[in-house]
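A.B. asks: Below: sequence and its predicted model.
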Amino acid sequence: MLGCGVIGHQFAEAMQKIGGRFYGVGNRTHEKAVKFAEQYGIGKVYDKPENIFKDPDVDIVYISTPHNTHSRYICQALAAGKHVLCEKSITLNCHELDESVKLALQKHCVLAEAQTIYHMPIFRELNKHIAKGEFGPLRLMTMNFGDYDPYDMKNRFFNRSLAGGAMLDIGVYALSFVRWFMSSCPREIASQVLYAPTGVDEQASILLKNEENEMATVMLSMHAKQPQRAMISFDKAYIEFMGYPRGDKAVITWTDDGHKEEIVAGETENALCYEIEDMERTISGGKNYMHLDYTVDVMSIMTKIRHDWGMKYPEEE
């Protein structure tokens, strides 16, 4: 593990839940890594993050550092022959991600974004119904994700030097959901943005359409609370989710008579367990469960939108 923030603690707890634990941990602040290791029974603490990549006993590196450090650490880990699971947003832009993907292919390593949506059983279960044509063609998706974060401009959410902003922090969830259900990556993209005083995107509205004429709307905010609500509209039914990044329940409303049906699969509290298990299964051989292709598509969308806005982070200037 590299990085000991909030999601790092959740990940360590998930590891314990499935009967495992991290082999080692590193962090930019060494003392924080020591405390983290004591809390979760981790036997090895690295003096420097880079020492993780030199350790021959490390197979997989899980990265949960700030967004703008991901690309550097990913490439260092891959160059050392380590598989990588990196928190979202996996990189700042599609150019960084392309470099990482090429390196992963060269080194025959698995590279993946820690995106819960791709691993929740409910979404795989719904795909089975969609594949059978039970709901008819997909027409439209509407997505909401809004947090209320106080205007603390030192907080990473609003900090331009830490790649803050709504797109990379919460937009990646909504767009990953859209990509999971759309037949192909949307190519027609329009958007609006409202900036925070620090220059990062505080609020955004996004319109998407792919070549199959499937459409989606996405509303994001870092300073206006919204439910994490998703609705997918097909010819024969529409499907609603609440808390979709780690959702375990879907409500289907049928168009012809309005009757409702509930589908439950998996458990919200095990979201990170599913991620870990899928990563290990992929590395063990056979099927790839990590959906890097979707990650690449989502990153291309986010990069285009920020390009349209003219919004860059210091590393991109």
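C.D. replies: Looks like it arrived, so ask away.
A.B. asks: burial measure for A204, as a count.
C.D. replies: A count of nearby residues for A204, using other Cβ atoms under 10 Å, gives 24. Any C-beta I mention is one placed from the backbone N, CA and C, and that applies to glycine too.
A.B. asks: ok, it - contacts?
C.D. replies: 166-167, 171, 191-194, 218-221, 305 (Cβ atoms under 8 Å, 6 or more residues apart in numbering).
A.B. asks: The same query, at a cut-off of 10 Å, please.
C.D. replies: For A204, the contacting residues are 165-167, 170-171, 174, 191-195, 218-222, 305-306, 309, by Cβ atoms under 10 Å, 6 or more residues apart in numbering.
A.B. asks: Give me the distance between it and I305.
C.D. replies: 8 Å (Cβ to Cβ, to the nearest Å).
A.B. asks: M141 touches M215, doesn't it?
C.D. replies: Yes: contact status for M141 versus M215: in contact at 7.4 Å, counting by Cβ atoms under 10 Å.
A.B. asks: okay, and the common contacts of these two?
C.D. replies: The contact lists of M141 and M215 share 178, 182, 208, 233, where a contact means Cβ under 10 Å, 6+ apart.
A.B. asks: And the next helix or strand past the helix or strand hosting E113?
C.D. replies: For E113, the host element (DSSP states H and E) is strand 111-114. Per DSSP H and E, the first helix or strand lying C-terminal to strand 111-114 is helix 121-131.
A.B. asks: How far does the helix or strand following that following helix sit from its chain's centre?
C.D. replies: With elements assigned by DSSP H and E, the helix or strand that comes after helix 121-131 is strand 138-148. How far strand 138-148 lies from its chain's middle: 15 Å, per Cα atoms, centre = their mean, to the nearest Å.
A.B. asks: Give the other helices and strands that strand 138-148 contacts.
C.D. replies: Packing partners of strand 138-148 (3 or more Cβ pairs under 10 Å, 6 or more residues apart in numbering; DSSP states H and E): helix 166, helix 172-181, strand 201-209, strand 215-221, strand 223-234, strand 237-242.
A.B. asks: which parts of it are buried?
C.D. replies: Across strand 138-148, burial judged by 16 or more other Cβ atoms under 10 Å covers 138, 141-147.
A.B. asks: strand partners of it, parallel vs antiparallel please.
C.D. replies: Looking at strand 138-148 with DSSP bridges, its partner strands are strand 215-221 (parallel), strand 223-234 (antiparallel).
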